[in-house]
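Task: produce atomic coordinates for the following.
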Amino acid sequence: MVDILVLGATGFTGRLITRYLYSHPQRSSFSLALGVRSKSKGEALKRTLGLDDSVQLVQVDVTRYEDVEKAVKDAKVVINAVGPYWRWGTNVVRACAVHGKRYVDLSGEPHFARRIIDLYDYLATKTGAIIVPSCGFDSLPADITVYLSNQTLKRKLGPEVELGLSQTFYDVYLPGASGGSTATLLSTLSEAPRVRVDEAHRDYALSPIRGAPSPGFRLATRVPFSSPAKYAGMFVMGPSNRSIVQRSFGLNQFALTAANALYGERRVRETEERLRPLAYGPHFRYAEYIVPRSGSFFAAALMSTLLAAAFSLMLVAPVRWLVSKFFPQPGEGASDKAMEKGYLNATNYTVTATSPETWAKTVMRVDGDPGYLRTAAMISECALGLLLEDESLPYTARSGGVLTPATALGDVIVRRLQATGKFAFESEIVDGVEESRKGR
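Here you go, the predicted structure:
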């Protein structure tokens, strides 16, 4: 049995994942296999990346469940890099849920996440499978920065404190898109039923319980504590990231609220003690934004306007045809040199739900392109955490199911990403005058 199976290894992001895992400092601790549709392309990939014979090739067609099941049964952890996930992902999740495997992917498709939750979440809790979508730029930074802000507030104020408004502001440079991202965008607009997409983008569509309503649309939102004032506009990834953060909220809050029914009277106190530090509270609400270089109100409002206009244009079939012809094609993406110039500063501000207000500020810094180059690191470290650090996984991971980066990995993924030297995390209490008492 192989430890890690990478599906979609010959694609642009799949190649980055394969290269990252092959050169990993813990390489001697796990075996690696590449799931490929064409053995000849797999052999060519091995030659291109200089992979030795310790890396196995597994021929698998993700459109055939029998192929997928055979491959998945012989693996402990599956990394699925075959998108669009609405089109290609369901068979892989099904096989992992049936056979109690651990699974990670890069989906930024809430409608896909909603489908696998509806179909396989309950089954996964029965087989012990841990299914974790959105383990890359979609939506790990959003999920983990909120998770850390919650920890910082509870270390300061105690486990009973409840969160109110939580906002993440992105300062990011992405050197280019890949063909896979283009295909995902077109799939969302052309293949997935509009009703499914709309349902999955509603507030708390992926959460087992509803929370407080999210902040409404604004052309520009002021960055907390900024002086002089800086403003941010709507972020294109905001809806998908919000859905994952809300699922983290819902999984922990539901487990805490229903601890007696889920775990029984004998275990309820122990369970509540473990879950209360993880729960955000019923008043939690979340939104995120992108900060333009100038930080001006006008620039932020313009970004929001242009985003809305671009989305409207993409609903027009001829525009989608032009995108399919002139944007990157499958397997294409930015060069290594260009990706090294990318960066991400994701800053989360979270305030307590009750007065007097206390704020936490968490910053995740990424050196290098977060969309592809470092996304390969994010999903790989998620897979390695699930494989090698079972005893350190959060309490919420023990029951299995369709989880999130925060509920499946928590501190494990923070520690592993920091160890790469390309990711840094800081979390602290802020009072508006000075920033002090750093938590990390």
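
Pairing partners for the residue nearest the centre of the chain in the sheet, please.
Nearest residue to the geometric centre of the chain (Cα atoms, centre = their mean): Ser139, 2.7 Å. When bridges are called by DSSP bridges, Ser139 pairs up with Gly136.

could you measure it against Thr184, distance?
For Ser139, the distance to Thr184 (Cβ to Cβ, to the nearest Å) stands at 14 Å. Where C-beta positions appear, they are placed from N, C-alpha and C, glycine not excepted.

From Tyr122, how far off is Ile116?
Distance, Ile116 to Tyr122, using Cβ to Cβ: 11 Å.

When these two are compared, which one has more neighbours?
Legend: neighbour count by other Cβ atoms under 10 Å for Ile116 and Tyr122, higher for Ile116 (24 against 12).

Next up, identify which helix or strand that one is on.
helix 110-127 (DSSP states H and E).

what's the answer for Leu45, then?
Assigned by DSSP H and E, Leu45 belongs to helix 39-49.

mean confidence score for the helix or strand just after that helix?
Sequence order places strand 55-59 as the next helix or strand after helix 39-49, per DSSP H and E. Average pLDDT, strand 55-59: 96.

Could you pull out the buried residues of whatever helix or strand comes next after strand 55-59?
Next helix or strand after strand 55-59 toward the C-terminus (DSSP H and E): helix 65-73. By neighbour count on 16 or more other Cβ atoms under 10 Å, the buried set for helix 65-73 is Asp67, Val68, Glu69, Ala71, Val72.

top helix in this structure by residue count?
The longest helix of the chain (DSSP state H) is helix 238-257.

got the angle between it and helix 110-127?
Calculated by axes from the mean of the first three to the mean of the last three Cα atoms, to 10 degrees, helix 238-257 forms an angle of 30 degrees with helix 110-127.

List the buried residues for helix 238-257?
Quick answer for helix 238-257 (16+ other Cβ under 10 Å): 238-257.

could I have it exported to PDB, CA atoms only?
Provided in PDB are the C-alpha atoms of helix 238-257 (Å, rounded to 0.1, in the frame of the first residue of the first chain):
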ATOM      1  CA  GLY A 238     -14.400  35.900  -1.000                       C
ATOM      2  CA  PRO A 239     -17.600  33.700  -1.500                       C
ATOM      3  CA  SER A 240     -15.700  30.400  -1.700                       C
ATOM      4  CA  ASN A 241     -13.400  31.200   1.200                       C
ATOM      5  CA  ARG A 242     -16.400  32.400   3.400                       C
ATOM      6  CA  SER A 243     -18.200  29.100   2.800                       C
ATOM      7  CA  ILE A 244     -15.200  27.100   4.200                       C
ATOM      8  CA  VAL A 245     -14.800  29.400   7.200                       C
ATOM      9  CA  GLN A 246     -18.500  29.100   7.900                       C
ATOM     10  CA  ARG A 247     -18.300  25.300   7.700                       C
ATOM     11  CA  SER A 248     -15.500  25.400  10.300                       C
ATOM     12  CA  PHE A 249     -17.700  27.600  12.500                       C
ATOM     13  CA  GLY A 250     -20.700  25.300  12.000                       C
ATOM     14  CA  LEU A 251     -18.800  22.000  12.600                       C
ATOM     15  CA  ASN A 252     -17.300  23.100  15.900                       C
ATOM     16  CA  GLN A 253     -20.400  25.000  17.100                       C
ATOM     17  CA  PHE A 254     -22.800  22.200  16.300                       C
ATOM     18  CA  ALA A 255     -20.500  19.600  18.000                       C
ATOM     19  CA  LEU A 256     -20.400  21.800  21.100                       C
ATOM     20  CA  THR A 257     -24.100  22.500  21.200                       C
END
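
any residues in contact with both of Ser139 and Thr184?
Common neighbours of Ser139 and Thr184, counting by Cβ atoms under 8 Å, 6 or more residues apart in numbering, are Gly108.

any idea which helix or strand comes after the one helix or strand Val146 maps to?
Assigned by DSSP H and E, Val146 falls within helix 140-157. Downstream of helix 140-157, the next assigned helix or strand under DSSP H and E is strand 163-173.

what's the angle from that following strand to helix 140-157?
Interaxial angle of strand 163-173 relative to helix 140-157 (the same axes, to 10 degrees): 140 degrees.

Can you give the distance of strand 163-173 from its chain's centre?
Distance of strand 163-173 from its chain centroid, counting by Cα atoms, centre = their mean, to the nearest Å, is 15 Å.

Stretch 115-128 now?
Distance, centroid of stretch 115-128 to centroid of chain: 18 Å (Cα atoms, centre = their mean).
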